[in-house]
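A.B. asks: Compute the structure for the input listed below.
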Amino acid sequence: MYKKTLFILFVFVVGCDSSTTVYKPVSSGNIHSVSVVIENTLWKQSPGKELQKVFSSEFLGLPQQEPMFTLNQIPPSIFTDFTRESRNIIVVSKSSKDSAFIHTNKFASPQKILYINGKTNKSLVEQINKISKRATFVFKNNEIKEKQKRIRNSTSKTKELDSIGVNLTMSSGYKLFKKGNSNKFWFQRETKKGSVNILVYTLPLFEKTPDLDRIIFLRDSIGKVFVPGRNKDSYLITEEAYRPYFFKTKVNSLNAFETRGTWEVVNDYMAGPFLNYYIKDKKNNRTLVVEGFVFSPSVRKREYLIEIEAIIRSLKIL
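C.D. replies: The predicted structure is shown next:
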């Protein structure tokens with residue numbers, strides 16, 4: 001009788017457990033794209049305009065303007081089946097209660113869905129602004145992780161960086177292009193119309209917190225000795241016509257300074273965007289600098305900058 005009771009209990013527990021396991025398909029969508037589920041009329045009115053203002057704002061640091069996210073509007077009537085499998089979704093609805101919240105992996109995985117509800121157009125706009133900063137961060141982080149996952153599917157081991165105790169996850173398209181002394185490395189991936197480049201080098205640990213002018217000076221100094229242009233006496237510098245964006249940030253829990261801007265080449269007609277991180281490596285009493293820059297004339301460059309950030313944020317100190 002005791003064994004029979006145990007068996008029945010086991011079957012009950014297993015049955016209950018299996019019933020809660022729900023298969024969720026792998027999410028889909030282009031990098032930095034967001035599906036916006038909203039009525040056509042609302043999309044054309046203030047809520048839709050505010051969404052576009054917030055989420056299609058300028059992607060910082062590009063020579064030509066591109067949106068932060070590509071928004072794809074979907075009427076609620078067709079938000080079914082595969083349209084629910086988008087990786088990033090915003091759902092806007094008229095409701096008796098004002099609210100804004102983010103749901104994770106509801107219809108697919110990985111997935112982030114931002115729900116915005118409001119009684120009136122005005123309250124919808126207020127809810128959009130209330131959660132915009134957090135939602136932008138969540139969507140961006142989701143996309144960095146997705147890009148890192150895609151890179152891992154074709155990973156190249158950066159064994160060259162073992163000598164300085166650093167690991168970066170890059171796709172197999174990246175090759176060591178140049179090495180300088182024992183602490184400067186230049187990796188390059190060729191594209192149809194140019195290249196995507198990753199620089200890694202070390203500097204002494206900052207005694208004082210650097211400002212943007214100091215970062216530019218150090219960056220240009222390295223460019224002069226390590227990143228030549230195509231012509232004699234040509235080399236990479238920070239473009240003087242546009243002041244870069246400068247932020248405090250963290251890279252895998254390490255304090256860092258992020259600089260986004262455009263570069264140019266002295267004595268040559270070359271230019272493009274760059275993304276630079278000065279990372280405080282207390283463990284090794286040094287500053288670790290990792291930068292990516294793109295040369296790809298007449299081509300949109302947002303995807304390349306996202307790729308660069310995904311690579312840099314894969315950083316591990318060995």
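A.B. asks: out of everything not next to it in sequence, what's closest to Ala135?
C.D. replies: Nearest residue to Ala135, sequence neighbours excluded (CB to CB, 6 or more residues apart in numbering): Leu114, at 4.9 Å. Any C-beta I mention is one placed from the backbone N, CA and C, and that applies to glycine too.
A.B. asks: That neighbour: what's it in contact with?
C.D. replies: Counting by CB atoms under 8 Å, 6 or more residues apart in numbering, Leu114 touches Ile89, Ile90, Val91, Ala100, Phe101, Ile102, Ile131, Ala135, Val138, Phe139.
A.B. asks: Return the members of the residues you listed classed as buried.
C.D. replies: Ile89, Ile90, Val91, Ala100, Ile131, Ala135, Val138, Phe139 (16 or more other CB atoms under 10 Å).
A.B. asks: Let's have the contacts of Leu114 in JSON lines, adding distance to Thr70 and pLDDT.
C.D. replies: Converted to JSON lines, the contacts of Leu114 look like this (distance: CB to CB, whole Å; pLDDT from 0 to 100):
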{"residue": "Ile89", "distance to Thr70": "13", "pLDDT": "99"}
{"residue": "Ile90", "distance to Thr70": "13", "pLDDT": "99"}
{"residue": "Val91", "distance to Thr70": "17", "pLDDT": "99"}
{"residue": "Ala100", "distance to Thr70": "22", "pLDDT": "98"}
{"residue": "Phe101", "distance to Thr70": "23", "pLDDT": "98"}
{"residue": "Ile102", "distance to Thr70": "19", "pLDDT": "98"}
{"residue": "Ile131", "distance to Thr70": "20", "pLDDT": "98"}
{"residue": "Ala135", "distance to Thr70": "15", "pLDDT": "98"}
{"residue": "Val138", "distance to Thr70": "17", "pLDDT": "98"}
{"residue": "Phe139", "distance to Thr70": "11", "pLDDT": "99"}
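A.B. asks: Please narrow the residues you listed to those residing in helices.
C.D. replies: Ile131, Ala135, Val138, Phe139 (DSSP state H).
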